[in-house]
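this is a predicted model, with the sequence first.
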Amino acid sequence: MVIIGTGGLAKDIVGSLARDNRHGDFYFYNDRTDNQDELFVNRYPIIRSEEALKVHFNQKNNLFAVAIANPINRFRMTKKVIEWGGKLTTIMALKENVSEFTTIMQGCIIQPDVVVSSCVTIGEGSFLNCGVIIGHDVTIGDYCSFGPGARVLGNASIGAYSYIGCNAVILPGVKIGKKVRIGIGKIIDFDIPDGTKIV
């Protein structure tokens, strides 16, 4: 499997990946010229070009997930890599507690100690960092990101490309629009329209 990106989000997930043999060997992809490391965290090979990634997909395995923090950039890169022959897949850490009565779309990354209740839908390419709790009947749009310890309580909804900061709490029934950014530790008890920042 190839993880697209070698920045902070990739560093967030690599620790749990290292203990997980379910996905086979891991490779990372970064075509930026300002970083010429051959190995990511001194262990995993870094693929350096679109051409080399296409060869990898053809010869080894075409599964990939995108570890880019910005939701819009994560979406754009996902679509590029699919065009190059990749098959988007979900990564769930070994220490998660996700209800079997939840729907998780492809490309999600779910970190250790995440709790997801029943009747939840998590959209494509969303990222749930360590300790996130998602209550029952929550709907999460595509390419959302949740900082460590974020809480979304029952019947709330989060629009696509939104970011919920570390330890933020979305109270029951609240509707968060698309491309919304909620800052660290904020408690949200009212609906928020598209494109709003609460810092």
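Structure's in. What do you need?

which residue packs closest to residue 199, ignoring adjacent ones?
Once flanking residues are discounted, residue 199 sits nearest to residue 183: 4.0 Å by Cβ to Cβ, 6 or more residues apart in numbering. Just so you know, the C-beta spots here come from the backbone N, C-alpha and C atoms, and that holds for glycine as well.

can you give me the domain assignment for this structure?
As given by automatic domain parsing, the domain ranges for the chain are 2-89, 91-199.

now for residue 129: which residues touch it?
By Cβ atoms under 8 Å, 6 or more residues apart in numbering, the residues touching residue 129 are 12, 111, 145-148, 150, 166.

where does this protein dip in pLDDT?
Residue ranges of the chain with pLDDT under 70: 21-24, 35, 95.

if you set the cut-off to 80 instead, what comes out?
Low-confidence segments of the chain (pLDDT under 80): 18-24, 33-37, 94-96.

alpha carbons only: can I get stretch 157-166 in CSV?
Extracted in CSV, the C-alpha atoms of stretch 157-166 (Å, rounded to 0.1, in the frame of the first residue of the first chain):
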residue,chain,number,x,y,z
SER,A,157,-24.0,16.5,10.7
ILE,A,158,-20.8,17.8,9.3
GLY,A,159,-20.5,19.0,5.7
ALA,A,160,-17.8,18.0,3.3
TYR,A,161,-14.3,19.5,3.5
SER,A,162,-14.8,20.7,7.1
TYR,A,163,-12.2,20.6,9.9
ILE,A,164,-13.1,20.0,13.6
GLY,A,165,-10.2,21.0,15.8
CYS,A,166,-8.6,19.2,18.7
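
from the chain's centre, how far out does it sit?
11 Å (Cα atoms, centre = their mean, to the nearest Å).

now swap in stretch 118-136 and tell me
The answer for stretch 118-136 is 10 Å, by Cα atoms, centre = their mean.

again, but for stretch 32-46
Mean C-alpha position of stretch 32-46 versus that of the full chain (Cα atoms, centre = their mean) differs by 21 Å.

can you give me the buried ones in it?
For stretch 32-46, burial by neighbour count (16 or more other Cβ atoms under 10 Å) applies to 40, 44, 46.

same thing with stretch 144-161?
Across stretch 144-161, burial judged by 16+ other Cβ under 10 Å covers 144-153, 155-161.

what's the answer for stretch 76-83, then?
For stretch 76-83, by 16+ other Cβ under 10 Å, it's 77-78, 81.

give me the nearest residue to residue 11, chain neighbours excluded.
Distance criterion Cβ to Cβ, 6+ apart; nearest residue to residue 11, sequence neighbours excluded, is residue 41 at 7.2 Å.

how close does that neighbour get to residue 121?
Between residue 41 and residue 121 the computed distance is 33 Å (Cβ to Cβ, to the nearest Å).

where along the chain do the helices fall?
Assigned by DSSP state H, the helices in the chain fall at 8-18, 50-59, 71-83.

show me what contacts the residue nearest the centre of the chain?
Nearest to the centroid of the C-alpha atoms of the chain, with distances taken as Cα atoms, centre = their mean, sits residue 127, at 2.3 Å. Contacts for residue 127 (Cβ under 8 Å, 6+ apart) come out as 9, 69, 74, 108-109, 144-146.
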